[in-house]
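In: predicted structure and sequence below. I'll ask about it afterward.
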Amino acid sequence: MAATKDAVAAVPASRPSKEKLVKTHQAHLKKQASSPNAPRPVKQPILSDAYPPSTKSIRELEIIPLCELGAETHHRGKGIIVRVISAPFVGAGAVSIVEDEFGNADKLAIYNQPDSSILSGAPEGCVVAVKEPYYKNNGAEDDFMICVDHPSDVILLRFTDPIIPEALRLGPLLKTAEEWKIAGDRAFIEKDFPTAVFCYTEALEASEDPAFQAPIYTKRAGTNLILGRYDAAKADALASRTGGPQDWKAYYNAGRAAYGLCDYGESNTYLSAALKLNPSNASIQREHARCQARLREEANGDETEYDFAGLLASLVVVAGPQSQSQSQSQTTAVAVHLDRGSFLRKNTRVAESAHHGRGLFAARDMKAGELVFVEKATLMPNQYDPARASAALYALMVRQLCDNPSSLSGPVLDLYAGGGAGGGDDRYYERSGKEGTIVDGVPVVDVFLVERIRTTNCFSAPRATVLDTAPSAPEGQQAKGLWLHASRMNHSCVPNTMRSFLGDLLISRATRDITEGEELFQQYIPVKPLPDVRNEKFKEGWGFECDCVLCVGERRSPEAMLAKRKEVLAAVEKLCNKKLPRRELIPEATIRNVDRLMKQLEDAHEPEVYDGLPRLTLIYPCNWLVAAHRGRKNYAKVVKYALKVLRNFGFRVPDDGSAVWDPRDMYTKSGNASLMTVHVVAALRNLAEAYKALGYDEMAGKCIEAAEFGYLMVTGFQNDLATLDK
Ligand SMILES: C[S@@+](CC[C@H](N)C(=O)[O-])C[C@H]1O[C@@H](n2cnc3c(N)ncnc32)[C@H](O)[C@@H]1O
């Protein structure tokens, strides 16, 4: 358990008065108003400070006044009830001034989600309960605040809740159900959707007449659909049924909500019911057809169902005519969330893995290049700025767990959450088992657990892998997302699948023939050539030491040989400046030096360890020599070193430069330790060019075919190799 200070520590000797707090707060608000576009960074939880969320109902807690809050203390078993007396100041969190029934005032800082269904419910004038509050010093001696990290630790109380002390009770602002309905409609027209939901809820509570309630449920369902609160929208839609022919609307809304949750089977059931009641309605027909298409993708998942090329075209908008002369980087991405289903179950299943917890396994034989699965992201913000991508995903996860708990909590919380929680990480605490359950009307959300799940399971995704292979592609522009099915897959440095991205679709292809029952592996990150360096990364990121055939094999090589490889690789990198030549004429003497070092490096790979295994430290010098000899149009040498590149990635190719092999077979006839990357495609293209220059046209053609096939694995679908030159 983390060292949370549960015992009540000393109450601070002095705190600012209510007047001073309000005055300072107003000054901050004024400043904020003058820069409305100020960035609002989302706070990242710090695991060393992790503490669990409250799992108790406010009704089980002892309510204490603000003046009893002890500094740096988690008040377990206690709660506070306060009225919000200011608008929020939104920075890393949303800070408001609150007062209790005795007139004590303090600062309430709510982190992580200013716009979730829970936190949008702490507006000025409302009464909120904070469960088991954490009172924290904010820097200056008398500057304290009630710090809420877990969104479920703060509850918006309904005005009529009997738990509210008399002094804080305003009485309902509006009296009748009709008044609340009108207020809801007004908020809806003003696009203040959270307030509309709040008012419709009050209207529903204030009336017991089903004839009045049904249309309010419909309105609240529609508003929740706009807010993306699909769980609530579905429940409201179903509650709006009256048993008559007008129920088509209820089924239509429930179908759209289920669609929003990507449950196309359920969506189809509701939309079919809607269609039965109102067969000629064009909106239902359209949604129903859309849903059928998703179901076909889920079942078949073949190339034609997905039309990957069409999706790619939909992802990029080339700058308008006035800027056509500008570079390709002017291309702007639009809607990266593609309206497609996930094709998961025909080829894969989740099962226990021999060494790594659960894993993904082949449910049938698959050929090299075949689509293993296609998965739409469960969550992926459209945020490609590397400085913001992680925080954006974290915020989205928290928000969705608040807003759609019944569909998301189970699958997300079931993901592997790293080494702690019973796995030996003593900075963390055991899960309570209440995560995701509803207490006081909201789901318990543990933000520190969410962050652990995020870091262990998220992937970085370019807008489209094919665009990312173009040399002109801007570096590092990757969103972060969560793909639940793909997260089940364990890592191997020589994996049998390869993932690529198209918008928020993750495409997984087989890189060699796979037999039914085989465990499927992917590379978590591009593997570093040196085994100790790459294993350090796996330890840091995921807490494991890799036991793939390459890592196990390389561990058989003595330390002294590893040291030798490191030394020579460092010498090559120093000599070549870690770059590859671009068509410039490299002096013969330099080429001879690199060649000499490359041979030393080859000699530092013992055949008894490396026969049949990749020799990753040799990739860079061989690629360098290919480029240098291309520059000199020395095509026989280009063939020699390009073949070495393929061999060093673990592919079986002739080592004498002979032209009597079929490169199209290399993916299926290279055993189980080859590593597929875009550099393999590049090497095949260089080979093709060199064979052609040497007069071996047929071999050149076969190399291009092999390169195109490899590019399909790398980018997810058939793409033009010319992209590699752009
Ligand atoms: C994204 S999860 C993969 C699914 C996970 N095995 C499960 O049970 O749900 C990542 C975790 O799987 C385990 N893992 C993945 N690849 C591994 C490997 N090559 N060797 C050992 N453990 C591995 C590690 O515990 C890692 O933190």
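Out: On my side now, so go ahead.

In: tell me the contacts of whichever residue of the stretch 251-400 of the chain sits closest to the ligand?
Out: Proximity to the ligand, evaluated over the stretch 251-400 of the chain using C-beta to the nearest ligand atom, is greatest for Gly357 at 2.6 Å. Using the backbone N, CA and C atoms, a C-beta is placed for each residue, glycine as well. By C-beta atoms under 8 Å, 6 or more residues apart in numbering, the contact set of Gly357 is Tyr416, Asn490.

In: any idea how far it is from Ala183?
Out: To Ala183, Gly357 is 51 Å away according to C-beta to C-beta, to the nearest Å.

In: and for His679?
Out: Counting by C-beta to C-beta, the gap from His679 to Ala183 is 63 Å.

In: what do you get for Ala273?
Out: 32 Å.

In: could you tell me which residues of the chain lie near the ligand?
Out: Near the ligand, the residues belonging to the chain are 355-359, 416, 456-457, 487-488, 490-492, 542-544, 546-548 when assessed by C-beta under 6 Å from any ligand atom.

In: among those, the buried ones, what's the ChimeraX command?
Out: With 16 or more other C-beta atoms under 10 Å as the criterion, this ChimeraX line picks the buried residues out of these:
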select :356,358,359,416,456,457,487,488,490,491,492,542,544,546,548
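
In: burial of Arg83, as a residue count?
Out: 22 (other C-beta atoms under 10 Å).

In: re earlier: list the ones among the residues of the chain next to the ligand that fall in strands.
Out: If you go by DSSP state E, the residues of the chain next to the ligand have Arg358, Gly359, Asn490, His491 in strands.

In: need those in CSV (columns: pLDDT).
Out: Converted to CSV, these look like this (pLDDT from 0 to 100):
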residue, pLDDT
Arg358, 94
Gly359, 96
Asn490, 96
His491, 96
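
In: just curious, which of those residues is nearest to Gln600?
Out: Nearest to Gln600 among these: His491, at 30.9 Å, using C-beta to C-beta.

In: report the contact partners of the closest residue to Leu625 other than its chain neighbours.
Out: In space, and not counting its chain neighbours, Leu625 is closest to Tyr641: 4.3 Å by C-beta to C-beta, 6 or more residues apart in numbering. By C-beta under 8 Å, 6+ apart, the contact set of Tyr641 is Cys622, Asn623, Leu625, Val626, His629.

In: burial check on the third one, number of neighbours?
Out: Here the count is done by other C-beta under 10 Å, and Leu625 has 26 residues near it.

In: same thing with the one 4 residues further on?
Out: Residues within reach of His629, counting by other C-beta under 10 Å, total 24.

In: how near is it to Ala233?
Out: Taking C-beta to C-beta, one finds His629 at 63 Å from Ala233.

In: ok, now Gly310?
Out: Distance from Gly310 to Ala233, by C-beta to C-beta: 30 Å.

In: compare these two and say which one has the larger neighbour count.
Out: Ala233 (26 against 9).

In: so what pLDDT did that one get?
Out: Looking at Ala233, its pLDDT stands at 97.

In: you'd agree it is up against Tyr259?
Out: No: if you go by C-beta atoms under 8 Å, Ala233 and Tyr259 don't touch, sitting 10.5 Å apart.

In: check contacts around the residue nearest in space to the middle of the chain.
Out: With distances taken as C-alpha atoms, centre = their mean, Gly481 lies nearest the centre of the chain, 1.5 Å away. Going by C-beta under 8 Å, 6+ apart, Gly481 touches Ala377, Thr378, Leu379, Met380, Pro381, Leu393, Cys458, Phe459, Ala461, Asp504.

In: what about the residue lying closest to the third one once chain neighbours are set aside, neighbour count?
Out: On the basis of C-beta to C-beta, 6+ apart, the spatially nearest residue to Leu379 that is not a chain neighbour turns out to be Leu482, at 4.6 Å. The criterion is other C-beta under 10 Å. On that basis, Leu482 has 23 neighbouring residues.

In: what do you get for Arg399?
Out: 23.

In: need phi/psi at Leu379.
Out: Per-residue torsions, Leu379: phi -150, psi 120 (degrees, to the nearest 10).

In: same check on Ile507?
Out: Per degrees, to the nearest 10, the backbone of Ile507 is at phi -110, psi 130.

In: who's it bridged to?
Out: Ile507 has these beta-bridge partners by DSSP bridges: Val374, Ser500.

In: pull up the gap between it and the ligand, please.
Out: Separation of Ile507 from the ligand (C-beta to the nearest ligand atom, to the nearest Å) stands at 18 Å.

In: that residue and Trp483 touch, don't they?
Out: No: contact between Ile507 and Trp483 fails when scored by C-beta under 8 Å: they sit 10.6 Å apart.

In: could you measure from the closest residue in space to Pro405 that isn't next to it in sequence over to Ala94?
Out: Distances taken as C-beta to C-beta, 6+ apart put Pro443 closest to Pro405, at 3.6 Å, once the chain neighbours are dropped. Noted for Pro443: a distance of 19 Å to Ala94, by C-beta to C-beta.

In: now swap in Val128 and tell me
Out: Val128 is 12 Å from Ala94, by C-beta to C-beta.

In: JSON lines please, covering the ones in strands among the residues of the chain next to the ligand and showing distance to Ala293.
Out: JSON lines is the format used below for those (distance: C-beta to C-beta, whole Å):
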{"residue": "Arg358", "distance to Ala293": "31"}
{"residue": "Gly359", "distance to Ala293": "31"}
{"residue": "Asn490", "distance to Ala293": "32"}
{"residue": "His491", "distance to Ala293": "34"}
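
In: what ranges does the stretch 351-500 of the chain have for its strands?
Out: 358-362, 371-376, 438-439, 442-443, 459-461, 479-481, 490-491, 497-502 (DSSP state E, counting those that start in this stretch).

In: looking at those, which has the lowest confidence?
Out: Across the strands of the stretch 351-500 of the chain, strand 442-443 gives the lowest mean pLDDT, at a mean of 92.

In: partners of that one in the sheet?
Out: strand 438-439 (antiparallel).

In: how close does Pro621 get to the ligand?
Out: Taking C-beta to the nearest ligand atom, one finds Pro621 at 28 Å from the ligand.

In: that residue against Met598, yeah?
Out: Yes: using C-beta under 8 Å as the test, Pro621 is close enough to Met598 to be in contact (4.2 Å).

In: of the two, who's got more company?
Out: The neighbour count for Pro621 versus Met598, taken as other C-beta under 10 Å, is higher for Pro621 (28 against 20).

In: so how far is Lys578 from that one?
Out: 11 Å.

In: over to Arg358?
Out: Arg358 is 39 Å from Lys578, by C-beta to C-beta.

In: one more: Glu430?
Out: Glu430 is 46 Å from Lys578, by C-beta to C-beta.

In: and what of Thr497?
Out: For Thr497 relative to Lys578 (C-beta to C-beta), the value is 30 Å.

In: more crowded one of these two?
Out: For Thr497 versus Lys578, the count of surrounding residues by other C-beta under 10 Å is larger for Thr497: 26 against 10.

In: surely the more buried one and Val372 touch.
Out: Yes: under the criterion of C-beta under 8 Å, Thr497 makes contact with Val372 at 5.3 Å.

In: shared neighbours, these two?
Out: What both Thr497 and Val372 touch, as defined by C-beta under 8 Å, 6+ apart, is the set Ser508, Arg509, Ala510, Ile514, Leu520.
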